[in-house]
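Participant: coordinates only, sequence not included:
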C-alpha cells in the first residue's frame with residue numbers, strides 16, 4: 001500500500017460524519033407544547049417522539065410565563081434524538097409588552113401605537129443579544145435593529161415618558177383600535193357576502 005493511500009485511510013477515520021438534516025424553526029408558546037397541530041405534524045414528519053418532545057419542552061419552560069412565544073431551533077440526529085435550542089421571546093413581543101399594547105399599528109409610519117423609552121430599548125437589547133443569532137452584534141447594532149423593529153410596529157422611542165400623559169394616550173388609542181377592528185369586521189362580512 002502506498003503512503004498516500006495509508007494517509008487517506010487514516011484521514012477517513014478522523015473525519016466526522018456530516019448530517020444533512022434541516023433545522024426545524026418554529027415558535028412554541030412557553031409551557032403549552034401539545035401533540036396537536038401545528039407542532040405534532042411538524043415533529044412527526046421528522047420522526048421525533050412527539051410526547052417526549054412536548055414533555056421535555058414544557059419542563060424546560062416551566063419557570064416562564066405561560067403562553068409567551070419562544071422561537072425554537074430543533075435539529076434531528078440519525079438515532080431519532082434531537083437537540084432543542086430555545087431562544088428568548090421575539091423582539092416584537094418585548095416591545096409591545098414595554099409599550100403596554102396588545103397589537104402594533106396597521107399603518108406604520110403614519111400612526112403611533114405606543115411609546116417606549118431608551119431605557120426600555122436598552123434592557124430589551126441586553127436580553128436579545130444573548131440569543132445565538134445575535135451573538136456577533138455589538139450593543140449599538142442591536143439597539144439600532146430594535147429601533148427599526150419598533151418603527152415597523154408603530155412604537156415611538158422617546159427619551160423620557162410622562163406616565164399620566166401616556167395613560168391618556170393609551171385610552172385614546174383603545175378607541176382607535178376598536179374602530180379599526182369594526183372596519184375590518186365589516187370588510188370581512190362584505191367579502192363573505194360577495195363570495196357566498
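Facilitator: In hand now; what should we look at? Bear in mind that the values here come from a model prediction, so they are computed numbers and not experimental data.
Participant: rest of the way, CA atoms for contacts and neighbours
Facilitator: Fine.
Participant: where in the chain is pLDDT low?
Facilitator: 1-21, 196 (pLDDT under 70).
Participant: Show me what the host helix or strand of residue 43 is packed against.
Facilitator: According to DSSP states H and E, residue 43 maps onto helix 39-45. Packing partners of helix 39-45 (3 or more Cα pairs under 8 Å, 6 or more residues apart in numbering; DSSP states H and E): helix 50-60.
Participant: in the helix it packs on, what's buried?
Facilitator: Neighbour-count burial for helix 50-60, counted by 16 or more other Cα atoms under 10 Å, picks out 50, 53, 54, 57, 58.
Participant: Tell me the helices and strands packed up against it.
Facilitator: helix 39-45.
Participant: Tell me how far the helix it packs on lies from the chain's centre.
Facilitator: Taking the mean of its C-alpha atoms, helix 39-45 sits 19 Å from the chain's own mean (Cα atoms, centre = their mean, to the nearest Å).
Participant: Give me the buried positions along that helix.
Facilitator: 39, 40, 42, 43.
Participant: Next up, the contacts around the first one.
Facilitator: Put plainly, it is residue 39. residue 33 (Cα atoms under 8 Å, 6 or more residues apart in numbering).
Participant: returning to that earlier point: now tabulate the buried residues of helix 50-60 in JSON lines and tack on distance to residue 64.
Facilitator: Output for these, formatted as JSON lines (distance: Cα to Cα, whole Å):
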{"residue": "50", "distance to residue 64": "21"}
{"residue": "53", "distance to residue 64": "17"}
{"residue": "54", "distance to residue 64": "15"}
{"residue": "57", "distance to residue 64": "12"}
{"residue": "58", "distance to residue 64": "10"}
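Participant: taking the residues you listed as a set, which two sit the farthest apart in space?
Facilitator: 50 and 58 (12.1 Å; Cα to Cα).
Participant: Distance of the residue nearest the centre of the chain relative to residue 162?
Facilitator: The structure's the chain has its C-alpha centroid closest to residue 90; by Cα atoms, centre = their mean the separation is 3.4 Å. Separation of residue 90 from residue 162 (Cα to Cα, to the nearest Å): 27 Å.
Participant: same check, this time on residue 191
Facilitator: Counting by Cα to Cα - residue 191 and residue 162 are separated by 43 Å.
Participant: Looking at those two, which has the bigger crowd around it?
Facilitator: For residue 191 and residue 162, the more surrounded residue by other Cα atoms under 10 Å is residue 191, and the numbers stand at 11 against 7.
Participant: Make sure the more buried one is indeed in a helix.
Facilitator: Yes. Counting by DSSP: H, G, I helix; E, B strand; the rest coil, residue 191 is part of a helix.
Participant: So which bits of the longest strand along the chain are buried?
Facilitator: If each strand of the chain is counted by residues according to DSSP state E, the longest one is strand 69-76. Neighbour counts over strand 69-76 (16+ other Cα under 10 Å) mark 69, 70, 71, 72, 74, 75, 76 as buried.
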